[in-house]
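*Asks:* coordinates for the following, if possible.
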Amino acid sequence: MSSSPPAPKGRAARLLLATTILAPVAVSAPARADQLSEMEHQIKVMQAQLAKMRKEHDREMKHIQQQLATQRQSEVRNPYAARGAYGGVAVPPGMAAGMMTANAPVNTPLLPPSTANTPYGQISGTPTAQVLSLYGPLHRGQLQIGGVRITLGGFAEAATFFRSRDMTADISSQFGPGGVPFANSPTYHMNEFHQSERQSRLAVLAEGNIVRGLRAQAYVETDFQGAGSSSNSRQSNSYVLRTRVFYGQIIDDADDFYVLGGQSWSMLTMFNHGMSARDEQVPLSIDAQYIPGFNWTRNSQIRVVKGFDHGHYHVGLSVENPQQVISVGPGGNYLPPGATSDTYQNAGGNVFNPSTSYSTDVAPDVIAKAVADPGWGHFEAYGLLRFPHSRVSYLGYGKSKTYVAGGGGAAMLLPLEKAHKVNFQVSGLVGSGIGRYGTSNMPDVTMSQSGHVKPLPGANVLAGIYGNPTKTLQLYAYGGLEMVRSRSYFNVGGKHYGYGNPLYDVAGCDVEGAAGSTCQTSINKVVQGTAGFWWTYLHGDYGTVKLGAQYSYTYVTSFSGIGGTPHTDDNMVFMSMRYYPFN
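*Replies:* Next up, the predicted model:
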């Protein structure tokens, strides 16, 4: 039988007891030192992270303060900012103001002003349509009457202009026949200076939704370039309000289709994009007669336009009010043997102007156009049909004759770089009897040996470049040509008739004071080069102020005759200050 060893006693027992108690302490001391060192390291890391977070927080607070300061400055400049459309929250990116519905909470009732996208619309204050919603927040210059929204546009202008030849014209120059004087006239040797406010314009667009996707619009645009019988520039200028544009239209957005009726720019005029009314590509000139080579009229018409492939392609047909520009030639009128009269124009009656003449038209001008916007550039092709008409009367009977005239052309608008800051445009029209559609109003017809009107062959071309090197500066330059391409004349009994007859006497065209009978000109070509700029001087809640300046050089030649080939020219300088209260 085994037994346990005896327990230690005395000093040995005390040593054993001390060893048993202190052994764990000796073993744990290094481990605790490591733990303390690790904790100190973690504290340092947390302190570094805290310092980094504090710096990031300071940067974020500084950025927020900068944003708030910018927002306050923006609100001072334009208190009608779109931030109010959603209860003080910014409009979501990509959402246009017109997409806001009537159910959205509105703190600020007005949105930033809006004008047509075309450059001409931006310098003329042309109102743009509210396509998606007519019940969202209002823009400046808008008011709502029931379901009809009214948008105001236009500008007030103070213009100054100088011409090196005195053509006795206001803000609209006369480039063609009867415009720039030849050297036989004293006005050729005299300068011309005027100031004018008559291009100032008021525009009103009224629109309403008939049903979803179907809209109705009415648009009127007026200025003061009309002249009544009492109008003068002596003491109190008394020029009258005139109709520039006045039409109504029905627009089917779902089918990309519209019908327009009233007075508008001719459908022959180049568009900026698609074929929408008020989006015409009109030159940016201060001169209200624009640039030679620019094809346009503003007249009564009925127009139908249809779009395809989500707006990439459009076709249109327009029947427009006719009027012929007639030149019987320096030789005067001609009656065939036995004729008692020839009738190709009559003085105005009733509410027509009795101091001018109206051609004897029997059918409208017909214009067809197709345009493409494939994603880069805008392209057009168009055709024109006209029907000049006259009658030669004999004792007891008469003969009427209608010619078929017209022509065709093309146009394109190309961005020269991705940001669309520089754009190039070119347009042209060639045919017979097309003079009315050029800005110089070259003759459409002259007289034939049968006593009837006869169309003259003509051509117009315009090229231009414009762009915005800065946000506030717009530059432009154009070059244009209009011409009667060939003569049309005849000689009877030693007398000379028609247009451009080489037997006309032009020997006195360069002699001041020479009789008009020695300067029997028939204008052949009108050429012009133009350059200018528009600078946005002020822009804010009060509207916009633009300053513009323009220089043009015009060169006019006549068909040659006995004594040479007459020519004349004119240097013109225009300056403009325009105030746009609604833009």
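
*Asks:* which residues in the protein form helices?
*Replies:* Under the criterion DSSP state H, the chain contains helices at 11-77, 119-124.

*Asks:* just give me the lowest mean pLDDT stretch among the ones you listed.
*Replies:* Mean pLDDT is lowest for helix 11-77 among these, at a mean of 74.

*Asks:* any low-confidence regions in the stretch 401-550 of the chain?
*Replies:* The stretch 401-550 of the chain contains no residues with pLDDT under 70.

*Asks:* poorly predicted segments of the stretch 251-400 of the chain, please.
*Replies:* For the stretch 251-400 of the chain, no range has pLDDT under 70.

*Asks:* and stretch 33-45, how far out from the chain's middle?
*Replies:* 73 Å (Cα atoms, centre = their mean, to the nearest Å).

*Asks:* next one: stretch 177-184
*Replies:* 31 Å.

*Asks:* over to stretch 212-220?
*Replies:* Worked out by Cα atoms, centre = their mean, stretch 212-220 lies 21 Å from the chain centre.

*Asks:* how near is Ser357 to Gly348?
*Replies:* 7 Å (Cβ to Cβ, to the nearest Å). Just so you know, the C-beta spots here come from the backbone N, C-alpha and C atoms, and that holds for glycine as well.

*Asks:* neighbour count: the two, which is higher?
*Replies:* Ser357 (15 against 12; other Cβ atoms under 10 Å).

*Asks:* surely Gln449 and Gly331 touch.
*Replies:* No - taking contacts as Cβ atoms under 8 Å, Gln449 lies outside contact range of Gly331: 11.8 Å.

*Asks:* who touches both of those two?
*Replies:* By the contact definition Cβ atoms under 8 Å, 6 or more residues apart in numbering, Gln449 and Gly331 are jointly contacted by Tyr497.

*Asks:* what's the strand ranked longest in the chain packed up against?
*Replies:* With secondary structure taken from DSSP state E, the chain has its longest strand at strand 523-540. For strand 523-540, the contact count by 3 or more Cβ pairs under 8 Å, 6 or more residues apart in numbering; DSSP states H and E identifies strand 473-484, strand 543-558 as packing neighbours.

*Asks:* Val245: which of these is closest?
*Replies:* Ranking these by proximity to Val245 (Cβ to Cβ) places strand 543-558 first, at 21.0 Å.

*Asks:* please identify the buried residues of that closest one?
*Replies:* Using 16 or more other Cβ atoms under 10 Å as the test for burial, strand 543-558 gives 543-546, 548, 550, 552, 554-558.

*Asks:* also stretch 335-352?
*Replies:* 339, 342, 344-345.

*Asks:* burial measure for the closest residue to Ser448 other than its chain neighbours, as a count.
*Replies:* Distances taken as Cβ to Cβ, 6 or more residues apart in numbering put Lys454 closest to Ser448, at 4.0 Å, once the chain neighbours are dropped. For Lys454, the neighbour count with other Cβ under 10 Å is 22.

*Asks:* wouldn't Lys454 be in contact with Ser486 here?
*Replies:* No - at 11.9 Å, Lys454 does not count as touching Ser486 under the criterion of Cβ under 8 Å.

*Asks:* ok, back up a step: which one of the helices and strands packed on strand 523-540 lies closest to Val506?
*Replies:* Here strand 543-558 is closest among those (Cβ to Cβ), at 6.6 Å.

*Asks:* the closest one pairs with which strands?
*Replies:* Here strand 543-558 has these sheet partners by DSSP bridges: strand 523-540 (antiparallel), strand 567-580 (antiparallel).

*Asks:* circling back to that earlier point, list the buried ones in the longest strand of the chain?
*Replies:* 523-528, 530-534, 536, 539.

*Asks:* now, which of those residues sits nearest Ala48?
*Replies:* His539 (49.2 Å).

*Asks:* can you lay out the buried residues of strand 543-558 as JSON lines showing distance to Arg165?
*Replies:* Below are the buried residues of strand 543-558 laid out as JSON lines (distance: Cβ to Cβ, whole Å):
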{"residue": "Gly543", "distance to Arg165": "36"}
{"residue": "Thr544", "distance to Arg165": "34"}
{"residue": "Val545", "distance to Arg165": "32"}
{"residue": "Lys546", "distance to Arg165": "28"}
{"residue": "Gly548", "distance to Arg165": "22"}
{"residue": "Gln550", "distance to Arg165": "17"}
{"residue": "Ser552", "distance to Arg165": "12"}
{"residue": "Thr554", "distance to Arg165": "9"}
{"residue": "Tyr555", "distance to Arg165": "12"}
{"residue": "Val556", "distance to Arg165": "10"}
{"residue": "Thr557", "distance to Arg165": "15"}
{"residue": "Ser558", "distance to Arg165": "15"}
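
*Asks:* what about Asn333, how many residues nearby?
*Replies:* Asn333: 12 neighbours (other Cβ under 10 Å).

*Asks:* contacting residues for it?
*Replies:* 342, 447.

*Asks:* ok, now the one 10 residues further on?
*Replies:* Thr343 makes contacts with 360, 390-393, as judged by Cβ under 8 Å, 6+ apart.

*Asks:* distance-wise, check Asn318 relative to Gly377.
*Replies:* Residue 318: Ser, not Asn. 23 Å.

*Asks:* again, but for Gln345
*Replies:* 42 Å.

*Asks:* also Gly248?
*Replies:* For Gly248 relative to Gly377 (Cβ to Cβ), the value is 31 Å.

*Asks:* same check, this time on Arg244
*Replies:* For Arg244, the distance to Gly377 - Cβ to Cβ - is 29 Å.

*Asks:* pick out whichever of the two has more residues nearby.
*Replies:* Using other Cβ under 10 Å, the more surrounded residue of Arg244 and Gly377 is Arg244, with 18 against 14.

*Asks:* list the contacts of the nearest residue to the more buried one once chain neighbours are set aside.
*Replies:* Once flanking residues are discounted, Arg244 sits nearest to Glu221: 4.5 Å by Cβ to Cβ, 6+ apart. Residues in contact with Glu221 (Cβ under 8 Å, 6+ apart) are 126, 153-154, 201-204, 244-246.

*Asks:* recalculate using a threshold of 6 Å.
*Replies:* 203, 244-245 (Cβ atoms under 6 Å, 6 or more residues apart in numbering).

*Asks:* from those residues, pick the one nearest His41.
*Replies:* Nearest to His41 among the contacts of Glu221, with distances taken as Cβ to Cβ, is Ala203, at 75.1 Å.

*Asks:* give me the beta-bridge partners of that closest one?
*Replies:* Going by DSSP bridges, Ala203 forms beta bridges with Gly153, Glu221.

*Asks:* what's the per-residue pLDDT of it here?
*Replies:* So, for Ala203, pLDDT stands at 96.

*Asks:* could you check how far the residue nearest the centre of the chain is from Gln281?
*Replies:* Centroid check for the chain by Cα atoms, centre = their mean gives Tyr120 as the closest residue, at 2.4 Å. Applying Cβ to Cβ, the value for Tyr120 to Gln281 is 7 Å.

*Asks:* how about Leu384?
*Replies:* 18 Å.

*Asks:* try Ile291
*Replies:* Counting by Cβ to Cβ, the gap from Ile291 to Gln281 is 12 Å.

*Asks:* who has more neighbours out of these two?
*Replies:* Taking neighbours as other Cβ under 10 Å, Ile291 and Gln281 compare with Ile291 leading, 26 against 22.

*Asks:* quick one: which of the contacts of Thr343 is most hemmed in?
*Replies:* Ser390 (26 neighbours).

*Asks:* who's in contact with the nearest residue to it once chain neighbours are set aside?
*Replies:* Residue nearest to Ser390 in three dimensions, not counting chain neighbours: Tyr344, with 3.9 Å by Cβ to Cβ, 6+ apart. When contacts are counted by Cβ under 6 Å, 6+ apart, Tyr344 touches 360, 390, 453.
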